[in-house]
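**Q** Predicted model, plus sequence, below.
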Amino acid sequence: MGEDYSHSLDENLRWSHHPPDNGTMPPMRLRPFRVDPCLSLWLSFALACIPMVSSPLQAEATTTIQEVLSDPALFHLRQITLHGTVRNVQPLDPYEIPAGSTCYGGYLFTLEDDTASLPVAVPGLCGIPLVKDPDVEDGARVAIEATIQAPSHGGYALSFKGGKIAMDQEGIVQAIATRITPLAD
């Protein structure tokens, strides 16, 4: 308990650069860590403000469908938020992905806002055989978080023509939904 924690700067430098010759390190000297009370108060305030600035519940900027269709290459593989009305919900038959798994419960619909409409695919669960109704109904108002797939970048789109079609052949811009949330009317 009565250990002396004081030592010289020369001693610190000597031990940090040149270990003792006997192969052992000197005993560690512990010093209490002190924080200035003003700094502590400031840090507490700053940490309390973080949820107000970067809350996950804070609404993301919503993109219109016409913005996506006007310049699909700009939105290619970007995660965006769209709002609109669900139209033409169509469940997909089970389909295979290149890894060989079969996917179940996928469906397609068209999302319509005041500016245009866009095909949306909701991929199924792969490797888990299940019978599942789509999570949306025709006429429902929803917010979707989706990744945009634009033509001329390669890849495939989900469709009723054998499960998937080459996007470049059809010129399709499609949203792949990652989250769908109902909107209050």
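**A** Great, that's in hand. Quantities reported herein were computed from a predicted structural model and do not represent experimental measurements.
**Q** Mean confidence (pLDDT) on the longest strand seen in the chain, please.
**A** When the chain is parsed with DSSP state E, its longest strand is strand 79-91. Mean pLDDT, strand 79-91: 97.
**Q** who touches that strand?
**A** 59-65, 68, 105-113, 117-118, 133-134, 136-148, 160, 175, 178, 183 (CB atoms under 8 Å, 6 or more residues apart in numbering). C-betas here are computed from N, CA, C, even on glycine.
**Q** Could I have the CA atoms of that strand written out in CSV?
**A** Extracted in CSV, the C-alpha atoms of strand 79-91 (Å, rounded to 0.1, in the frame of the first residue of the first chain):
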residue,chain,number,x,y,z
GLN,A,79,-30.1,1.9,-50.9
ILE,A,80,-32.9,4.4,-51.0
THR,A,81,-36.3,5.0,-49.4
LEU,A,82,-39.5,5.2,-51.5
HIS,A,83,-43.1,5.9,-50.5
GLY,A,84,-46.1,4.9,-52.5
THR,A,85,-49.1,2.7,-53.0
VAL,A,86,-48.8,-1.1,-53.7
ARG,A,87,-50.3,-2.3,-56.9
ASN,A,88,-50.5,-5.7,-58.7
VAL,A,89,-49.0,-8.0,-56.0
GLN,A,90,-47.9,-11.3,-57.6
PRO,A,91,-46.4,-14.2,-55.6
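**Q** what pairs with the very next helix or strand once past that strand, and is each one parallel or antiparallel?
**A** Following strand 79-91 in sequence order, the next helix or strand is strand 95-96 (DSSP states H and E). Strands that pair with strand 95-96, judged by DSSP bridges, come out as strand 102-104 (antiparallel).
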